[in-house]
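J.: the sequence and its predicted three-dimensional model are supplied below.
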Amino acid sequence: MVKEAPQIHYWLRLVQSAPFMADECLMAIPDIEGIDYTTKEYLKFATHINSVAERLNKANGEVKRPDAISWSPHKVELALWTHYVVSEHKPELLSSEDIYDL
């Protein structure tokens, strides 16, 4: 029997708590002026993404929807990246009313 499960869970939690600093994410945040892959800029980026995750989770708690997801910094980063890429390559998807029928 493999006993690596606790370590896998540790790494999964770690990945969820650390947003990936992609160019698309940086360009989508007005407070970040340019692409600068330094520790200082990553910490600024991570702080911004963490505050968004906290705000979203607080809003979820206030609404008390049973289907509300829990936002991690990684999920926020993925949503930000996806929105940026779609807005660049297929912006008509963002203005479509069909997305609300999902």
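T.: Arrived safely.
J.: and residue 73, what does it touch?
T.: Contact partners of residue 73, counting by Cβ atoms under 8 Å, 6 or more residues apart in numbering, are 16, 17, 18, 19, 46, 49, 50, 53. Where C-beta positions appear, they are placed from N, C-alpha and C, glycine not excepted.
J.: hang on, isn't the second one packed against residue 74?
T.: Yes: because the distance of 7.2 Å satisfies Cβ atoms under 8 Å, residue 17 is recorded as touching residue 74.
J.: give me the local confidence score for residue 96.
T.: According to the prediction, residue 96 has pLDDT 64.
J.: the strand or helix carrying residue 26: what's the following helix or strand?
T.: Element membership of residue 26 [criterion: DSSP states H and E] is helix 23-28. Scanning forward in sequence from helix 23-28 by DSSP H and E, the next helix or strand is helix 39-63.
J.: mind listing residues that contact that following helix?
T.: Defining contact as Cβ under 8 Å, 6+ apart, one finds that helix 39-63 is touched by 18-19, 21, 25-26, 29, 31-32, 68-73, 75-77, 80.
J.: just the CA atoms of the helix or strand following it, as CSV, please.
T.: Of the helices and strands lying after helix 39-63 in sequence (DSSP H and E), the nearest is helix 73-89. What follows is the C-alpha trace of helix 73-89 in CSV, where atoms were taken according to Å, rounded to 0.1, in the frame of the first residue of the first chain:
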residue,chain,number,x,y,z
PRO,A,73,-6.0,32.0,-5.2
HIS,A,74,-5.3,29.4,-7.9
LYS,A,75,-9.0,29.4,-9.0
VAL,A,76,-9.0,33.2,-9.1
GLU,A,77,-5.8,33.1,-11.2
LEU,A,78,-7.4,30.6,-13.6
ALA,A,79,-10.5,32.7,-13.9
LEU,A,80,-8.5,35.8,-14.6
TRP,A,81,-6.3,34.1,-17.2
THR,A,82,-9.4,32.6,-18.9
HIS,A,83,-11.2,35.9,-19.0
TYR,A,84,-8.1,37.6,-20.5
VAL,A,85,-7.5,35.0,-23.2
VAL,A,86,-11.2,34.9,-24.2
SER,A,87,-11.4,38.7,-24.3
GLU,A,88,-8.4,38.7,-26.6
HIS,A,89,-9.3,35.8,-28.9
